[in-house]
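K.L.:
need a structure here:
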Amino acid sequence: RSGHTLWKRGDWVEYLGDDMQWHIAQVRGVVRQAPDSFDWTDAANENVEPEYQVFYNVGPATLMPENTVRAAEAGLRAVFGSRPWVWQQYALLMIERYVWFKKDHERDFMEIDCQKFADDLFEAWLHDERNADFKNLFHSYPERQRDMLVYHLITPFELLDNITEDEDAWHFADEDMSVYTYLSTLGSGSMFIIVCFVLQFTIPLFLLVNALQGSERFDADLTDSSNFHLIADWDLICNGEGNMVGKLMIMAVVSLYLLTVIPESLIKFYRTTGESATTYSKLNSLRNVVWMQSDDTLGQQLGFKLDRYMNTAYVCWLYGVMLFILFNTDDVLDILLNALAGEFVHQIDEQVAGAEWYDPDNRWLTAGAWQLAVQSSLRLRILESGTLFCKHYDVDPSEYAEAMGGYMHGLKKRSLAARDDRDSSYLLPEDALFHECAVYCKSKNNEYGLEQFRKP
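P.N.:
Numbering: from 1, shown residues only. So this is what the prediction gives:
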């Protein structure tokens, strides 16, 4: 029926917060709303029931759409065991292997329906003859419980589709994106980061040196190493003398900072470290999840910290330096130019990232967000440790050792991975076909065919 509700008040569920993590909480209320397009005053709609949209108030969150609420993992594990979550890790590894980064290719990450991929993989796994015991357990429960499990397992793949398809929820042209965000997300692009980092520190320092050497309040020579000195004339500093017009200009600039820079900086702090609904904030939240799991690369780790500090601590340092420069500048034009220079330096990293030539269509950043979403659900530290794997997924260590040929140090074994990679029985049927086509194209020196069938 219209507006059918999956959950009722008092149910314990998980909801997806703005921090991009699932939180367990109790449903406080169910809200059914008619769509905005439905006209209640239209006589034709007098006996027509609208297609209600259902929202849930869960824990501290309000008006959560149905696709952000799911059954609690603890309850599902108690019913179905841990095996489905082992499958989920397998499915995430498989889609990472399956997807390409090649524009206009049928397997490009922008073209793949990730939820359908996972659904098909789950059906194949469920009906595998080696999985007959779980299949019997699965079908022994009503359809609603089965659907709860499947949807819970598929939610990471739904997020992947949202990143590539929902431009309203994931607007990668967000003005907060900077070159440091790219490094944090992709783990690469160090050349632009070095250039921006150097410029953002050296320009304010050069302006500071120039202001000190040109100010009557200081006896300074900061360029001659043999006569380096900086002496403050406290009489001039404290007696209040100076150009009155210059002082009025400084007051105007400080007022401008109070009305624009400070509020915007506070909001930027929140979007960087808090839980805002903006794309930039959600991207930072995903990064934080991967950081806490220790599943990020060295480049990503460096970019994550730079992105945070350059949008928080650096902003405080920059405007502190600029205010000092302004208060020690008397010429009206110099005050204005220095104030504009501060704004320019502040936004260098974002201006470069927003340039049309840097990342056309935001394709690289979208791919980075897609990969982060996979990393946030793929528990690599657990997979690479046999002990943690057995503990987390309730696997008998003796059975794990037998399956791994006595190797108990997790799935991160290069020789075993290389052997399995060559075993066609582990490939999806389409992957096996791609592999055979690539081998054939290579034997015929068909470069175009290799580009179509061999993953870059």
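K.L.:
Only alpha carbons, please: show stretch 73-87 as CSV.
P.N.:
Coordinates of the C-alpha atoms in stretch 73-87 are reproduced here as CSV (Å, rounded to 0.1, in the frame of the first residue of the first chain):
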residue,chain,number,x,y,z
GLU,A,73,23.8,-6.0,12.4
ALA,A,74,23.8,-7.6,15.8
GLY,A,75,20.3,-8.9,15.4
LEU,A,76,20.9,-10.2,11.9
ARG,A,77,24.1,-12.0,13.0
ALA,A,78,22.2,-13.6,15.9
VAL,A,79,19.7,-15.0,13.3
PHE,A,80,21.8,-15.7,10.2
GLY,A,81,25.3,-16.0,11.6
SER,A,82,28.5,-14.3,10.4
ARG,A,83,28.8,-16.0,7.0
PRO,A,84,26.9,-13.3,5.1
TRP,A,85,29.4,-10.6,6.2
VAL,A,86,32.3,-12.8,4.9
TRP,A,87,30.4,-12.8,1.6
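K.L.:
Report the mean confidence score over it.
P.N.:
Over the span of stretch 73-87, the pLDDT mean works out to 94.
K.L.:
For it, which outside residues touch it?
P.N.:
For stretch 73-87, contacts defined as Cβ atoms under 8 Å, 6 or more residues apart in numbering pick out 12, 14, 22, 24, 122, 125, 134, 137-138, 141, 145, 148-149, 152-153, 392-395. C-beta here means a position set from N, CA and C on the backbone, and glycine is covered the same way.
K.L.:
Okay, buried residues for that stretch please.
P.N.:
73, 75-77, 80, 83-87 (16 or more other Cβ atoms under 10 Å).
K.L.:
quick one on the thing from earlier: can you flag the buried ones in the contacts of stretch 73-87?
P.N.:
Judged by 16+ other Cβ under 10 Å, buried ones among the contacts of stretch 73-87: 14, 22, 122, 125, 134, 138, 145, 148-149, 152-153, 392-393, 395.
K.L.:
Now render those residues as a markdown table, adding distance to M408.
P.N.:
Shown next, in a markdown table, are the buried ones among the contacts of stretch 73-87 (distance: Cβ to Cβ, whole Å):
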| residue | distance to M408 |
| --- | --- |
| E14 | 32 |
| W22 | 30 |
| F122 | 29 |
| W125 | 25 |
| F134 | 24 |
| F138 | 30 |
| Q145 | 35 |
| M148 | 34 |
| L149 | 30 |
| H152 | 29 |
| L153 | 27 |
| H392 | 15 |
| Y393 | 15 |
| V395 | 12 |
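K.L.:
isn't there a strand covering V13?
P.N.:
Yes. Counting by DSSP: H, G, I helix; E, B strand; the rest coil, V13 is located in a strand.
K.L.:
so what's the residue nearest to it when sequence neighbours are not counted bridging to?
P.N.:
Leaving out its chain neighbours, the residue that sits closest to V13 by Cβ to Cβ, 6 or more residues apart in numbering is V69, at 5.3 Å. Bridge pairing for V69 (DSSP bridges) gives the partners Y15.
K.L.:
okay, V69: pLDDT?
P.N.:
For V69, the predicted pLDDT is 94.
K.L.:
Surely it and G17 touch.
P.N.:
No. Using Cβ atoms under 8 Å, V69 is not in contact with G17; the gap is 11.3 Å.
K.L.:
Find the helix or strand that the closest residue to H139 other than its chain neighbours is a member of.
P.N.:
What sits nearest to H139 in space, not counting adjacent residues and going by Cβ to Cβ, 6+ apart, is R146, at 7.6 Å. Per DSSP states H and E: R146 is located in helix 143-165.
K.L.:
and that helix, what does it pack onto?
P.N.:
Secondary-structure packing of helix 143-165 (3 or more Cβ pairs under 8 Å, 6 or more residues apart in numbering; DSSP states H and E): strand 69-71, helix 73-80, helix 83-98, helix 114-126, helix 132-139, helix 363-377.
K.L.:
so how far is that helix from its chain's centroid?
P.N.:
19 Å (Cα atoms, centre = their mean, to the nearest Å).
K.L.:
Just the C-alphas of it, formatted as PDB.
P.N.:
Only the C-alpha atoms of helix 143-165 are listed here, as PDB (Å, rounded to 0.1, in the frame of the first residue of the first chain):
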ATOM      1  CA  GLU A 143      10.600 -12.900   3.300                       C
ATOM      2  CA  ARG A 144      10.700  -9.800   5.400                       C
ATOM      3  CA  GLN A 145      13.700 -11.100   7.500                       C
ATOM      4  CA  ARG A 146      15.400 -12.200   4.300                       C
ATOM      5  CA  ASP A 147      15.000  -8.800   2.700                       C
ATOM      6  CA  MET A 148      16.400  -7.200   5.800                       C
ATOM      7  CA  LEU A 149      19.500  -9.200   5.600                       C
ATOM      8  CA  VAL A 150      20.000  -8.600   1.800                       C
ATOM      9  CA  TYR A 151      19.400  -4.900   2.100                       C
ATOM     10  CA  HIS A 152      21.900  -4.700   5.000                       C
ATOM     11  CA  LEU A 153      24.600  -6.400   3.000                       C
ATOM     12  CA  ILE A 154      23.900  -4.300  -0.100                       C
ATOM     13  CA  THR A 155      24.000  -0.900   1.600                       C
ATOM     14  CA  PRO A 156      27.700  -0.300   0.800                       C
ATOM     15  CA  PHE A 157      27.000  -0.900  -2.900                       C
ATOM     16  CA  GLU A 158      24.000   1.500  -2.800                       C
ATOM     17  CA  LEU A 159      26.400   4.200  -1.500                       C
ATOM     18  CA  LEU A 160      28.700   3.500  -4.500                       C
ATOM     19  CA  ASP A 161      25.800   4.100  -6.900                       C
ATOM     20  CA  ASN A 162      24.700   7.200  -5.000                       C
ATOM     21  CA  ILE A 163      28.200   8.700  -5.400                       C
ATOM     22  CA  THR A 164      28.200   8.300  -9.100                       C
ATOM     23  CA  GLU A 165      24.500   9.000  -9.800                       C
END
